[in-house]
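Participant: Structure, please.
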Amino acid sequence: MSAADFRKPADLFPNETVTHSYVQDIELPAVDGRSPGTFALVTLDNGLDHSKPTTLGPNTLVELGTVMEGLKERAARGEIVGVGVTGKPYFLVAGADLSTVKSITGREHGLWMAQLGHDVYGTLADLGVPSFAFINGVALGGGLEIALQSTYRTVSTGAGALALPEAFIGLIPGWGGVYILPRLIGPENAVKVMIENPLSNNRTLTGPQAFKLGVADALFEPADFVEQSVAWAAQVIAGTVTPERANAVDPAAPEVADRWAGAIAAGRSLVEARTSNASPAPARVLEVMEANRTLTQAQSAELECETLADLMQTDEFRSTVYAFLDLVQRRSKRPAGAPDRKLARPVTKIGVVGAGLMAGQLALLFARQLKVPVVMTDIDQTRVDKGVGYVHAEVDKLLQKGRISPDAANRTRALVTGSVSKEAFADADFVIEAVFEELNVKKQVFKEVEAIVSPECILATNTSSLSVTAMAEDLEHPERLIGFHFFNPVAVMPLLEIVRAPKTDDAVLATAFELAKGLKKSAVLVKDAPAFVVNRLLLRLMGEVTAAFDEGTPADVADNALRPMGLPMTPFVLGAMVGLPVAQHVQESLHAAFPDRFTVSENLQKLIDNGVKSIWAAQNGTPEQGPDGKPFIPAETLALMSFGNTPSTGEEVLRRTQDALAEEIGLMLDEGVVAGPEDIDLCMILGARWPMFLGGITPYLDRVGASERVNGRKFLAPGVASEPAA
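Facilitator: Below is the predicted model:
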């Protein structure tokens, strides 16, 4: 089938940002005194700067296919001896155009899109002359598959983000990747790239890592990457260089068949552990890989196309695109309600009240990302020294891991100092407290700080649940106080809840959003309401499960009832990780505000009073396994608790929790805690690691019917994270 046959369906996507295929003829450099001939170099470029990645939509593929057909004809006439494909600076291709894919409403169009990719890539793989991919930068999904379909590949040491992330976004690497990759680098490595990495917060490979795995045949420095790659291609075409592929396998070999089966089994165990099989895509990746061990590439291509067509019609895929593209990639960069950034004030020095673990994490983050002086204070020199020492030790760890240069390490250490006197904040522009979660303690801290700092200095609280408004009551300038709530661990979690109290002014708010941007955090504007967004919803969830447990539901039933959600950890494990006293403290705050919906567990309080840190027997926060291979409650822990006689089934606990979450979100939206359900979803994805394939929390509650059961309507309109309305 020619690319022209696909032209009419491609016309359905007139708003696509097309990545064009520009062809340049190059006379290959001489090898042994003579040039091997003319080489056609195709550069993929959308004509935009590096902030607009090149992507693959239908019109892009049609153009690329047309170019490849022309090159195949030239190769047949002997005009060219090889073809190379590279990209604009920093990118080969960043994958499929998800906006386009999301807009596909019928299965037939999804099947057409899958077949179009295979048709184009099949031409690249069968030009009649060797094809080369010069991976100069980001190569994701279909971008990496362009490279895999080429005969040979080079990669730049500066290339970042090489991956097949389809399992993460609800699809499969369906343009040949699922077939070629395990044959090229071995089934175990292929499962790592196609399953383990996507399900590990969408981890990617660097250029050197890809080369080590065998994804690429040669590794060159970025300064003259294309020139080196072309020279290498000349040697390959001339026959003086033959790439070695140590990890390549023949799937028909008996020993490889066993490895293949073992890799598939390991992948399935990983999918179960990470998603509880709540997302269909990872399992389908493994199904296709398992089947194609004995298939031809053409047979696998047919299976890949049918599978892609199926998955494009699932709400899990639509929810993932909504979460990834609409929320994480777009809404997080344009926070709803943020004032004009021109109102922001410069911040040249930061104060941190406290020198404990959270304070140390904050100080390190501010120093590393903002590169401004940070001073920590505490009530005595011992605490101050310990806090500053923690920051310096963390810098040393970064240096040892090669994540920071010696010069940067020295500068960062020098930026963080300590003092027992808050007078050190006199010239600070921004002071944040990270002290005990007690309202009166925080109010006293701010009273003391306000007496020292300039009138323009912004005061911030890292409280997770207390009223910012109440903290500002006794301040002379309450308009300067803002909530600046980080999540633990601070260096890792991307969310920052920015809490505006009634009197917080726009300049303070604008400065907070600019600071968040400088810290490389995604900020969401939140109204000053109990526990804000993430903790309010997590504690409602944990409260329902704990209540069911207290009522007599067996521990394993209660704790595993939410597994169909595919959450990153069970409620009991989450409680132990957060810390039972911390979770109980937030629960008490919420109970004080909403006594009819948030109950305080007497059983948990008994555990806290007796120094028990986890319901399950645990080592370093990880549940221990009993003789039956399941977590268990130690007898001494069980003896501290008492239970009711109204147990629930797992299904009842799940529905109860779904309805509770739908109720709480409905109330939060009515209260104006955030601008819309999209911000609820963004908070849960970035602050609670809520699964991307659920689309956050509201698409999931819409999908299971909880939104309509409780509120009488869905949170999101049809087509936002689900099938468009007919």
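Participant: switch to C-alpha atoms for all contacts and neighbour counts from now on
Facilitator: Will do.
Participant: buried set for stretch 181-195?
Facilitator: Neighbour counts over stretch 181-195 (16 or more other Cα atoms under 10 Å) mark 181-191, 193-195 as buried.
Participant: Quick one: end-to-end distance for that stretch.
Facilitator: This stretch, stretch 181-195, spans 12 Å end to end (Cα to Cα, to the nearest Å).
Participant: distance between it and the chain's centre?
Facilitator: Its chain's C-alpha centre and that of stretch 181-195 lie 22 Å apart, by Cα atoms, centre = their mean, to the nearest Å.
Participant: quick revisit: just send the buried residues of stretch 181-195 back as TSV, with pLDDT too.
Facilitator: Shown next, in TSV, are the buried residues of stretch 181-195 (pLDDT from 0 to 100):
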residue	pLDDT
181	98
182	98
183	98
184	98
185	98
186	98
187	98
188	98
189	98
190	98
191	98
193	98
194	98
195	98
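Participant: In terms of distance to residue 486, which of those ranks first?
Facilitator: Residue 486 has its nearest neighbour among the buried residues of stretch 181-195 in residue 195, at 29.8 Å by Cα to Cα.
Participant: Among the buried residues of stretch 181-195, find me the one that's closest to residue 600.
Facilitator: Ranked by distance to residue 600 (Cα to Cα), the buried residues of stretch 181-195 are led by residue 195 at 39.8 Å.
Participant: List phi and psi for the closest one.
Facilitator: Phi and psi for residue 195, reported as degrees, to the nearest 10, are phi -120, psi -60.
Participant: and the gap between it and residue 160?
Facilitator: Using Cα to Cα, residue 195 is found at 19 Å from residue 160.
Participant: and what of residue 372?
Facilitator: 28 Å.
Participant: So which of the two has more stuff around it?
Facilitator: More crowded of residue 372 and residue 160, by other Cα atoms under 10 Å: residue 160, with 23 against 17.
Participant: pretty sure the more buried one contacts residue 144?
Facilitator: No - taking contacts as Cα atoms under 8 Å, residue 160 lies outside contact range of residue 144: 11.9 Å.
Participant: all helices for the stretch 601-726 of the chain, in order.
Facilitator: Here the stretch 601-726 of the chain has its helices, by DSSP state H, counting those that start in this stretch, at 602-609, 635-638, 650-671, 677-688, 698-703, 706-711.
Participant: Kindly state which of those is positioned closest to residue 568.
Facilitator: For residue 568, the closest of those is helix 677-688, at 8.8 Å, according to Cα to Cα.
Participant: On the three-state scheme, the residue most central in space within the chain is what?
Facilitator: What sits nearest the mean C-alpha location of the chain, by Cα atoms, centre = their mean, is residue 201, with 4.7 Å. Judged by DSSP: H, G, I helix; E, B strand; the rest coil, the three-state class of residue 201 is coil.
Participant: Going forward, count from 6.
Facilitator: Right, with 6 as the first residue, what we last looked at is residue 206.
Participant: Just the pLDDT for it.
Facilitator: Listed pLDDT for residue 206 reads 85.
Participant: show me what contacts it?
Facilitator: Residue 206 sits next to no residue when contact means Cα atoms under 8 Å, 6 or more residues apart in numbering.
Participant: One more: residue 88?
Facilitator: Contacts of residue 88 by Cα under 8 Å, 6+ apart are 44-47, 76, 134-137.
Participant: quick revisit: of all the helices of the stretch 606-731 of the chain, which one is nearest residue 391?
Facilitator: Of the helices of the stretch 606-731 of the chain, nearest to residue 391 by Cα to Cα is helix 607-614, at 26.8 Å.
Participant: ok, residues contacting that closest one?
Facilitator: The contact list for helix 607-614 (Cα under 8 Å, 6+ apart) reads 555, 585-586, 589, 618, 642, 645-647.
Participant: Now, of these, which are buried?
Facilitator: With neighbours counted by 16+ other Cα under 10 Å, the contacts of helix 607-614 contain buried members at 555, 585-586, 589, 618, 642.
Participant: would you turn those into a markdown table with distance to residue 461 and pLDDT?
Facilitator: As requested, the buried ones among the contacts of helix 607-614 are exported to a markdown table (distance: Cα to Cα, whole Å; pLDDT from 0 to 100):
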| residue | distance to residue 461 | pLDDT |
| --- | --- | --- |
| 555 | 50 | 97 |
| 585 | 39 | 94 |
| 586 | 36 | 94 |
| 589 | 36 | 94 |
| 618 | 43 | 93 |
| 642 | 52 | 95 |
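Participant: between the residues you listed, which is nearest residue 431?
Facilitator: Of all the buried ones among the contacts of helix 607-614, residue 586 has the smallest distance to residue 431: 34.9 Å, by Cα to Cα.
Participant: how much space between that closest one and residue 610?
Facilitator: From residue 586 to residue 610 the distance is 8 Å (Cα to Cα).
Participant: Equivalent analysis for residue 300, please.
Facilitator: In this view, residue 300 and residue 610 are 59 Å apart by Cα to Cα.
Participant: Buried ones in the helix or strand where residue 419 lies, by neighbour count?
Facilitator: Secondary structure assignment for residue 419, by DSSP states H and E: helix 411-420. Judged by neighbour count using 16+ other Cα under 10 Å, the buried positions of helix 411-420 are 414, 416-418, 420.
Participant: Same question for stretch 421-438.
Facilitator: Buried, per 16+ other Cα under 10 Å, within stretch 421-438: 421-425, 427, 429-431, 433-438.
Participant: try stretch 309-328
Facilitator: Counting neighbours by 16+ other Cα under 10 Å, one finds that the buried residues in stretch 309-328 are 309-314, 316-328.
Participant: Residue 29 belongs to a strand?
Facilitator: Yes - counting by three-state DSSP, residue 29 is found in a strand.
Participant: So what pairs up with it in the strands?
Facilitator: Beta bridges link residue 29 to residue 46, judged by DSSP bridges.
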